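Asker: Build me a model:
(chains A, B, C and D)
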There are 2 protein chains.
Amino acid sequence: MKNPPTIKDVAKRANVSVATVSRVLHNLSGYSSATKDKILDAIEELGYQPNAIARGLVNKRTQTIGVLFPAVSGYFSSTLLHGIEEYAHSKGFSVIVCNTQDDGKRTMKYLQVLREKQVDGIIFASAEVKDEYDQAISEMRVPVVLVNTFSQKQIIPYVKIDDRLAAYQATSYLIQNGHREIAMISGTVGDRIAGSPRLEGYRQALEDHGIACVESRIAYGTFNMESGSQAMERLLEGGVSFTAVFAASDEMAIGAMGAAMKKGITIPEELSVIGFDDLELSRAVYPSLTTIHQPLAQMGRMACEKLIALIDDGEDVASSMVAHKLIERESVSPLHRPS
Amino acid sequence: MKNPPTIKDVAKRANVSVATVSRVLHNLSGYSSATKDKILDAIEELGYQPNAIARGLVNKRTQTIGVLFPAVSGYFSSTLLHGIEEYAHSKGFSVIVCNTQDDGKRTMKYLQVLREKQVDGIIFASAEVKDEYDQAISEMRVPVVLVNTFSQKQIIPYVKIDDRLAAYQATSYLIQNGHREIAMISGTVGDRIAGSPRLEGYRQALEDHGIACVESRIAYGTFNMESGSQAMERLLEGGVSFTAVFAASDEMAIGAMGAAMKKGITIPEELSVIGFDDLELSRAVYPSLTTIHQPLAQMGRMACEKLIALIDDGEDVASSMVAHKLIERESVSPLHRPS
DNA sequence: GCTTTTACAGTAAACGTTTACGTAAGAGCT
DNA sequence: AGCTCTTACGTAAACGTTTACTGTAAAAGC
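Answerer: The predicted model follows:
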């Protein structure tokens, strides 16, 4: 037989109707154990596998979710994805990945594709939820959960940490270690998710400790390593002094450390660095990076849990503000004041 | 209307048959421009979106491919995935990610799910192609392409570099720099993909240069950073001397460098390190890592190209052995012989 | 011995498309 | 006028499932 066997072929071979085959497939009731055996044999002999597409058509369920990332490569997204995929798979869902590149047109395109493909739900990660998306999302009647972001227009359940607070604590930690000239390598300017909140936390911490915030001590990157290196170079050439730097992502922190060390600056002796995310990376580099831990895999998992709960029972689920944690490693040292 | 509008709703509203609607949807011929306008209006007003599931059922095409990774998190896989997803999307395909965890049972399960979901093709990455998979793959009549791996049983097109040669060159490079006591941090023992070939390349290079290979200079990791650190620690405690080390992955190299530096060993002055992969990472760390470049994103893209060619025109496609390249950075220096 | 229940199974509609085929009207030609 | 050809549609089957509805015989209850 050329084409893959269908339930009809099974039915024919077992001398029963398709309805009966379907019943044993779902082990419902309504057949003798004798016919069950016949059917099972037929399935075995033909190597029959159900067609999920046909199934999806009738029950309007595809057991598939879509995940939108602004960037799929890198530790951050892939760890999140890992958590999501893991849980989804355990619950019998597949995940379609979409790499929006933080581009509006692409995002809208993906949203449309996901709609056409009849996904049962969507996880939207890390990127700002533009009005346009908000609207598209509410038009397609599909559950959505946000991770590492939130929506100001609609109430869409999210899973994230308190970025502002975490940044506040990171900066305060530096201050507690005696630093007063603290630079920041912020994320993309205007980014309302991991950009401005962390910057605000930094500013607030300085202010609360009576330290003036000088704008030339702030450099902007795009969260990745390369941009971290460049930001550090700009800071170094900027003529402002600083004894510590808070980077809004581990990747930028690593890039910044690399750039600083290349200039002969020793870390943490001459410059303390604190990162944000706690990627596996930060444990392995030397000096290992003191940073804010964000339980990414777990957050992905939680988002997926919420989504599937939404899909299955449709009840509303609550958002989760998950706990972050400051991890002390080697890249920060108390300021040795010239005495 | 509660349910999303279907093509029938559109047809009704435009006073035409579903066939005509379908025709304009695919802009085939067979309708006047007047009816076309009517239909377009109806589509607009109803906010109609085609249902790809129903479509998939009739044309036996889902415009979806599956990608199997042994591990989704980490730079390596995510870069590969990026290349794959990018190309797939540009050609109107969606990608389902599967995280096999290098586990046989899980892999088989995923293969089954992908079959049931009627994916049009499969990309199998990085993991060894066990006989079991080979068989499952040939049973489901779906194109498959391999990336970063190959099959010894069947001829399945692949995209990969010459691991053995690359390892040979990496080791030779160390030798050319005057090193003779060269350790290796190999990948998972028994791994026939990125494990033994690279180890063999290392051995061969030593042999060809008349250097005896001492087994205690070989440590085994699992390609990730943590295992690299541990391997380095074992090497250091092992009592053998070595002035250079070749790690079978950048992640292990970074981990190893971290562990060495933690012990006060300076790189590259006291110890040269060469990695493998050229992840973005290796450029950013300090000292930046000399390594073998593997064009991962491009390889993902190529694999996806091949797969879609296979899907669309069914012609056989050739495998590609892509070029690697040694990237000289800072982690290797010529051996300063005590003169 | 009668009705009622139960167990087992088949029939057919439905899900939302695509597409082969049919048909009617008009155009073009002889 | 009669013929064919084209254009512009409509009809209905098919894709592979699920499931509500029926049907029937045997078992159970009286």
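Asker: Just the strands from the stretch 51-200 of chain A, written as ranges.
Answerer: A:64-69, A:94-99, A:121-125, A:144-147, A:158-161, A:182-186 (DSSP state E, counting those that start in this stretch).
Asker: in the fifth one, what's buried?
Answerer: With burial defined by 16 or more other C-beta atoms under 10 Å in any protein chain shown, the residues of strand A:158-161 counted as buried are A:158-161. C-beta: built from backbone N, CA, C; applies to glycine.
Asker: want to throw those residues into TSV with pLDDT and distance to DNA strand D?
Answerer: TSV is the format used below for the buried residues of strand A:158-161 (pLDDT from 0 to 100; distance: C-beta to the nearest atom of the strand, whole Å):
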residue	pLDDT	distance to DNA strand D
A:158	97	32
A:159	97	31
A:160	96	36
A:161	97	40
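Asker: quick check, nearest of those to chain B?
Answerer: residue A:159 (17.6 Å; C-beta to the nearest C-beta).
Asker: so the closest one makes contact with residue A:323?
Answerer: No. The pair formed by residue A:159 and residue A:323 falls short of the contact definition of C-beta atoms under 8 Å, at 11.7 Å.
Asker: Need the residues touching each of those two.
Answerer: With C-beta atoms under 8 Å, 6 or more residues apart in numbering or on different chains applied, the contact sets of residue A:159 and residue A:323 do not overlap.
Asker: Tell me the one among the buried residues of strand A:158-161 nearest to residue A:51.
Answerer: Closest to residue A:51 out of these is residue A:159 (34.2 Å), distances taken as C-beta to C-beta.
Asker: so where's the stretch 201-339 of chain A shaky on pLDDT?
Answerer: Residue ranges of the stretch 201-339 of chain A with pLDDT under 70: A:337-339.
Asker: just the stretch 51-200 of chain A next, same as before
Answerer: Ranges of the stretch 51-200 of chain A meeting pLDDT under 70: none found.
Asker: who in it is up against chain B?
Answerer: A:51-54, A:56-57, A:62, A:64, A:71-75, A:77-79, A:81-82, A:85-86, A:89, A:94-99, A:110, A:112-113, A:115-118, A:139-141 (C-beta under 8 Å from any C-beta of the partner chain).
Asker: Also near DNA strand C: which of those, exactly?
Answerer: Contacts with DNA strand C within these, counted by C-beta under 7 Å from any atom of the strand: A:54, A:57.
Asker: Among the residues of the stretch 51-200 of chain A next to chain B, which are located in helices?
Answerer: Among those, DSSP state H puts A:52-54, A:56-57, A:75, A:77-79, A:81-82, A:85-86, A:89, A:110, A:112-113, A:115-116, A:139 in helices.
Asker: Could you give me the ChimeraX syntax to select whichever of the residues you listed are buried?
Answerer: To isolate the buried ones among these in ChimeraX, judged by 16+ other C-beta under 10 Å, type:
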select /A:52,53,54,56,57,75,77,78,79,81,82,85,86,89,110,113,115,116
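Asker: so who does the closest residue to residue A:106 other than its chain neighbours touch?
Answerer: The shortest distance from residue A:106 to any residue other than its chain neighbours is 5.0 Å, reached at residue A:100 (C-beta to C-beta, 6 or more residues apart in numbering or on different chains). Residue A:100 is in contact with A:68-70, A:106-107, A:110, A:127, counting by C-beta under 8 Å, 6+ apart.
Asker: By neighbours, which of these wins?
Answerer: residue A:69 (29 neighbours; other C-beta atoms under 10 Å in any protein chain shown).
Asker: wait, what's in contact with that residue?
Answerer: Taking C-beta under 8 Å, 6+ apart, one finds A:77, A:80-81, A:97-100, A:125-127 in contact with residue A:69.
Asker: redo that, cut-off 6 Å
Answerer: A:77, A:99, A:125 (C-beta atoms under 6 Å, 6 or more residues apart in numbering or on different chains).
Asker: my guess is the second one meets residue B:85, correct?
Answerer: Looking back up the chat, that one is residue A:99. Yes. Counting by C-beta atoms under 6 Å, residue B:85 is a contact partner of residue A:99 at 5.0 Å.
Asker: my guess is residue A:321 is in a strand, correct?
Answerer: Yes. According to DSSP: H, G, I helix; E, B strand; the rest coil, residue A:321 belongs to a strand.
Asker: beta partners for it?
Answerer: residue A:160 (DSSP bridges).
Asker: that's a strand at residue A:292, yeah?
Answerer: Yes. Using three-state DSSP, the assignment for residue A:292 is a strand.
Asker: List the contacts of it.
Answerer: By C-beta under 6 Å, 6+ apart, the neighbours of residue A:292 are A:166, A:170, A:276, A:324, A:326.
Asker: Count residues in the vicinity of the first one, would you?
Answerer: The tally of other residues near residue A:166 (other C-beta under 10 Å) stands at 21.
Asker: And the third one, by the same measure?
Answerer: Residue A:276 is surrounded by 30 other residues when neighbours are defined as other C-beta under 10 Å.
Asker: Assign it to helix, strand or coil.
Answerer: With three-state DSSP as the criterion, residue A:276 reads strand.
Asker: Now do the contacts for it.
Answerer: Counted by C-beta under 6 Å, 6+ apart, residue A:276 has contacts A:248-249, A:292.
Asker: Tell me the one among the contacts of residue A:100 nearest to DNA strand D.
Answerer: DNA strand D lies nearest to residue A:110 out of those, by C-beta to the nearest atom of the strand, at 25.7 Å.
Asker: how close does the closest residue to the closest one other than its chain neighbours sit to residue A:331?
Answerer: Counting by C-beta to C-beta, 6+ apart, residue A:98 is the residue found nearest to residue A:110 once chain neighbours are left out, at 4.2 Å. Distance of residue A:98 to residue A:331, computed by C-beta to C-beta, to the nearest Å: 35 Å.
Asker: for the helix of greatest length in chain A, which positions count as buried?
Answerer: Longest helix in chain A, counting residues (DSSP H): helix A:296-313. Along helix A:296-313, these residues count as buried under the neighbour rule (16+ other C-beta under 10 Å): A:296-297, A:299-311.
Asker: burial of residue A:118, as a residue count?
Answerer: Neighbours of residue A:118 (other C-beta under 10 Å): 22.
Asker: Verify the stated contact: it with residue A:63.
Answerer: No. In this structure residue A:118 lies outside contact range of residue A:63 using C-beta under 6 Å: 10.4 Å.
Asker: and the gap between the closest residue to DNA strand D within the stretch 201-339 of chain A and chain B?
Answerer: For the stretch 201-339 of chain A and DNA strand D, the shortest gap (C-beta to the nearest atom of the strand) falls at residue A:312, measuring 14.6 Å. Distance, residue A:312 to chain B, by C-beta to the nearest C-beta, to the nearest Å: 18 Å.
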